[in-house]
Each structure stands twice: as structure tokens, then as C-alpha cells.
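Colleague: Quick one, structure for this:
(one chain, ligands or ions: 1)
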Amino acid sequence: MNQEIAFQSVCSVSNEIKFEKLNLVKIDNKTYWVCCSRCRAKLISNSNILRFATDPFSNKKLDKATAIIKQNPKNIGTVLYFKTKDNATKFNLEREKL
Ligand SMILES: [Zn+2]
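Modeller: Below you'll find the model as predicted:
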């Protein structure tokens, strides 16, 4: 599939790929990146929800801080989070079979 997206170029709140420099937020010793002060406030106040995503291959919950990040082929400019590289590859293979 497409390349892995660098963690520090994705806003953890909007899940959008950003081209400007993002701001770091530390929660529970994990690092997240946000694009603006509104996203920062949202992430901090809803950290139990916004820090996590669902791997579209395994349907398992994961922490965005440790995810493999790929472009979302169905929604350009946004990303999908995978638990492992293997999941990202398998997700792509299944899509190609369709
Ligand atoms: Zn943002």
C-alpha cells in the first residue's frame, strides 16, 4: 500500500495529515501531535477516547502513539491506524482482492 506516515505529521484529533509543524502533547508518558490549541484542548479533555483508534484489519483498539499510520485510501488526507505492519499489509491485500 502507500507509505507509512510519520507520526508527527498527523493530528491525533482530526486524524488528518498536516504539512505544518505540529505541537507535541504528552499524556501518560506517551507522545501525541496536534495541529492547534483547540485540538490540544480536545485531546486533553477527551484523552480516553481521542488517543485511541480501531485497527481496520483486526478491529482491535489501539493507542495512536504506537500505531502504524497509513493514508486512508477512501478519505484522502486522513489516515488509518494499524496495530502492526502486518495488519496494514493484510488490510491492503484484502482490499486489492475486492
Ligand atoms: Zn488538529
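
Colleague: okay, now F91: neighbour count?
Modeller: Using other C-beta atoms under 10 Å, F91 has 19 neighbouring residues. Yep, even glycine has a C-beta here, placed from its N, CA and C like the rest.

Colleague: For it, give me its contacts.
Modeller: Going by C-beta atoms under 8 Å, 6 or more residues apart in numbering, F91 touches 1, 56-57, 80, 82.

Colleague: T84 now?
Modeller: Neighbours of T84 in contact, by C-beta under 8 Å, 6+ apart: I68.

Colleague: Distance check, it against the ion.
Modeller: 26 Å (C-beta to the ion, to the nearest Å).

Colleague: now F19
Modeller: On the measure of C-beta to the ion, F19 and the ion end up 13 Å apart.

Colleague: Output the contacts of F91 in TSV, with secondary structure appended to each entry.
Modeller: As requested, these are arranged in TSV below (DSSP: H, G, I helix; E, B strand; the rest coil):
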residue	secondary structure
M1	coil
P56	coil
F57	coil
L80	strand
F82	strand
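
Colleague: Can you tell me which of the residues you listed are buried?
Modeller: Neighbour-count burial (16 or more other C-beta atoms under 10 Å) applied to the contacts of F91 gives 56-57, 80, 82.

Colleague: tell me which residues in the biggest helix by length in the chain are buried?
Modeller: The single longest helix within the chain, with elements called by DSSP state H, is helix 85-97. Neighbour counts using 16+ other C-beta under 10 Å place 87-88, 91 of helix 85-97 among the buried residues.
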